[in-house]
Structure formats: C-alpha cells, structure tokens
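**Student:** just the structure for this:
(one chain, ligands or ions: 2)
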Amino acid sequence: MADQYTFQDPIAQYPMPEPPEQSQDGPGLDADMTPKADHGQETYRGSGRLEGRKAIITGGDSGIGRAVAIAFAREGADIVLSYLPEEQEDADHVAQLVRDAGRKIVLAPGDVVDQAYTRSLVRTALDELGGLDTLAIIAGRQQYVEDITELTPDSFDETFKTNVYALYWLVQEAVPHLPKGSSIITTSSIQAYQPAPILVDYATTKAAINTISKVLAGQLAPKGIRVNVVAPGPIWTPLQTAGGQPPSALPEFGQQTPYGRAGQPAELAPAYVYLASQESSYVSGETLNVNGGMPTP
Ligand code: NAD
Ligand code: MG
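**Tutor:** Ligands and ions are numbered 1, 2, ... in the order given. Below is the predicted model:
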C-alpha cells in the first residue's frame, strides 16, 4: 500500500486535475468539487510524531486544513477544528476520520472575523482537550477582483480580518497558555512573492502573514514557542472554486508551476507535521514553500 513515504516521480504522483469550469458560493465545499481533492485519507501513515499533542486547526474542514487534521490525528494529536457553520458537512467528514484514528476532535464552528469567536477557540481547547500546544492557522479568504476600482471596502476589510486579524487575535489569546515546546504554524502563499494582478487584498495579507510570523518567532523564542510559515503554491481546494480564481482559469490551474500540475492538499500535510513536531526544534521564523518548484526569495 502506497503512503507518503513511497518513492516515486513527484510530477507523476498526481495527475493534472484539469478541472472543468465551476463555481461555488460562500466558502465552498469539498463535497461539491470536481474532481475530488486528495487529503491523504488513503495514504497518510502516522508514526507518533505528535503523540499527546493538543492542536487548534482553523479552516480544518476542507483543503489543506483537512489534510492537516487527518495527519495530525494519525500522528497522535487531539484537535479543536474551526470552520464556518455552512461547512458542517465537510467538518463532519473530517471528524469521522479523526475519530477513526483514535483521537479526540471538538467541532467549533464560527466566523473568525468575529473576534470573540476566534478568541474563544483557546478556551475551548483548554477546557475540552485539557491544554493547547499547537496552532495551525490555515483559514483564509481569497476573492479575486479584476480591477482596484471594483474592490469594495467591505471585501478588503473581510480579507484582512480573516487572514491577518484573526491570526493576531488567536495568537494573542493563546500565548499565555502555551507551554514551552509549543508550535505556531501560519499559512502564507506564493502570492506573497508573485502576486497575481487580480488578488490585491489577498496577496497583501499573505505578505503580512510572512512578516508577522517572523516578528513573532523572534518575540516568542524566549518563551520556548516556535513560529513558522507554510507557503503553498496552487493547490486544488474549494478556495479556488469559490471565488478564488475566475472559473475560466480553473482548467489550467497549477500548470504554470515547474511541475506543470496543481498540488493536492495531501502534499501539504507533512510540512505542517514537521513544523509542529519537536523534530524542528531549531527551526523558527522559517517559511516552508510547498509549491511545485516555483522559485521564492
Ligand atoms: P479551503 O477553502 O479548503 O480552506 C479555507 C478555509 O478557511 C475554509 O474551509 C474555511 O473553513 C476557512 N474560512 C474562510 N473564511 C473563514 C471565516 N470567516 N471564518 C472561519 N473560517 C473561515 O482552501 P485551502 O486552499 O485549503 O485554504 C487554506 C489556506 O491555504 C488559506 O489560508 C489559503 O490562503 C492558503 N493557500 C491556498 C492555496 C491554494 O492554492 N489553494 C495557495 C496558497 C495558500
Ligand atoms: Mg472549507
């Protein structure tokens, strides 16, 4: 049975998704994507790398966050899962997989633009998991707008609140409770370095995430807390089908990479596992690019 360690050609490991044109409202659902994404459900094999750890995963219902939830659970972590209420169907699917791995999952739907909700995730972890030592901050908003004259203040605001403010609120709330050894992992993007003309607000938030993560890495090092970033390239997830890209761009999605294909969420999970686990003890303030070979600074 193949797993994430099986030696093979990384380009041929997944077919080009070549998705048909499609679009979804709201945050989008994995359940409504064509073709289906791979979250490592059949292939991710745990080996105790996060035994006994207690994690909050935001955006954990679908896409990269779902792959991380599956991997964290199979590596031995218990999880508080954050997602939007309209994503309940996707979250229920993840919950079953985490329970199948023998781990605890607490479903905590809500909107991270709501400061009180975002801060409450920390209390949920402390009360329901008995502690907190890992933050995987993966929730994100990406809505393409062709022209700056059409980018509304409300949309700009919501992108910044979701991608940057929520990170700040969650980290601020968590830090007093995080024991030495804890790991914070944020999620940036290739868009921080190679911004698409149609992603003014989104690309800017991703650059901000890179910088805030490096600042926090320095500030929190004396507390024994590491902070690192994962910066994905084009990954086949609902984000892209729910307003992240023009539908007409989807059939070629990811073909601009040296690999010539989009990535799958399953290919991101090992990066988060590495940065969460004690294996990366001397790694903080780093950005791990997972992008099919695109050059980054
Ligand atoms: P996704 O749609 O599966 O995940 C994004 C999640 O963010 C959603 O599932 C949703 O639960 C959450 N979210 C969005 N707005 C929210 C809100 N207001 N309140 C609560 N939760 C909210 O897509 P994904 O591609 O797996 O995205 C995960 C992360 O990866 C994002 O930060 C995204 O910017 C980043 N990323 C994705 C790609 C890509 O090509 N897919 C590339 C680079 C970076
Ligand atoms: Mg989702």
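**Student:** packing partners for the lengthiest helix in the chain?
**Tutor:** Looking across the chain with DSSP state H, the single longest helix is helix 200-220. Helix 200-220 sits against helix 153-160, helix 166-174, strand 183-187, strand 226-232, with contacts defined as 3 or more C-beta pairs under 8 Å, 6 or more residues apart in numbering; DSSP states H and E. Quick note: C-beta positions are derived from backbone N, CA and C, even for glycine.
**Student:** got the CA positions of the shortest one in CSV?
**Tutor:** This means strand 183-187. Presented in CSV, the C-alpha positions along strand 183-187 are these (Å, rounded to 0.1, in the frame of the first residue of the first chain):
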residue,chain,number,x,y,z
SER,A,183,4.4,25.5,17.8
ILE,A,184,2.5,28.1,15.9
ILE,A,185,2.2,27.5,12.1
THR,A,186,0.7,30.1,9.8
THR,A,187,-0.2,29.8,6.2
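**Student:** stretch 151-169 and ligand 1, any residue contact?
**Tutor:** Yes: using C-beta under 6 Å from any ligand atom, stretch 151-169 comes into contact with ligand 1 via Thr162.
**Student:** where does the stretch 151-297 of the chain come near ligand 1, residue by residue?
**Tutor:** 162, 187, 189, 232, 234-235, 237-240.
**Student:** re the thing from before, CA atoms only for the longest helix of the chain, dumped as CSV, please.
**Tutor:** What follows is helix 200-220, C-alpha atoms only, in CSV (Å, rounded to 0.1, in the frame of the first residue of the first chain):
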residue,chain,number,x,y,z
VAL,A,200,-4.7,42.8,-4.5
ASP,A,201,-6.0,42.3,-0.9
TYR,A,202,-5.3,38.6,-0.7
ALA,A,203,-1.7,38.7,-1.8
THR,A,204,-1.1,41.7,0.5
THR,A,205,-2.4,39.7,3.5
LYS,A,206,-0.1,36.8,2.7
ALA,A,207,2.9,39.1,2.7
ALA,A,208,1.7,40.4,6.1
ILE,A,209,1.5,36.8,7.4
ASN,A,210,5.1,36.1,6.4
THR,A,211,6.2,39.2,8.3
ILE,A,212,4.1,38.9,11.4
SER,A,213,5.2,35.3,11.7
LYS,A,214,8.9,36.3,11.6
VAL,A,215,8.3,39.0,14.1
LEU,A,216,6.5,36.6,16.5
ALA,A,217,9.2,34.0,16.0
GLY,A,218,11.7,36.4,17.5
GLN,A,219,9.5,37.6,20.2
LEU,A,220,8.2,34.2,21.4
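**Student:** separation between Val68 and Pro246?
**Tutor:** Using C-beta to C-beta, to the nearest Å, Val68 is found at 28 Å from Pro246.
**Student:** the two: which has the busier surroundings?
**Tutor:** Val68 (32 against 12; other C-beta atoms under 10 Å).
**Student:** quick one, what contacts the more buried one?
**Tutor:** Residues near Val68 by C-beta atoms under 8 Å, 6 or more residues apart in numbering: 57, 60, 136, 138, 268-269, 272-273.
**Student:** residues in contact with the closest residue to ligand 2 within the stretch 51-200 of the chain?
**Tutor:** Nearest residue of the stretch 51-200 of the chain to ligand 2 (C-beta to the ion) works out as Ser62 at 3.2 Å. Residues in contact with Ser62 (C-beta under 8 Å, 6+ apart) are 28-30, 83, 87, 90, 237-238.
**Student:** can you list the helices and strands packed on helix 200-220 in JSON lines and add mean neighbour count?
**Tutor:** Conversion of the helices and strands packed on helix 200-220 to JSON lines gives the following (neighbours: other C-beta atoms under 10 Å):
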{"stretch": "helix 153-160", "mean neighbour count": "15"}
{"stretch": "helix 166-174", "mean neighbour count": "20"}
{"stretch": "strand 183-187", "mean neighbour count": "26"}
{"stretch": "strand 226-232", "mean neighbour count": "25"}
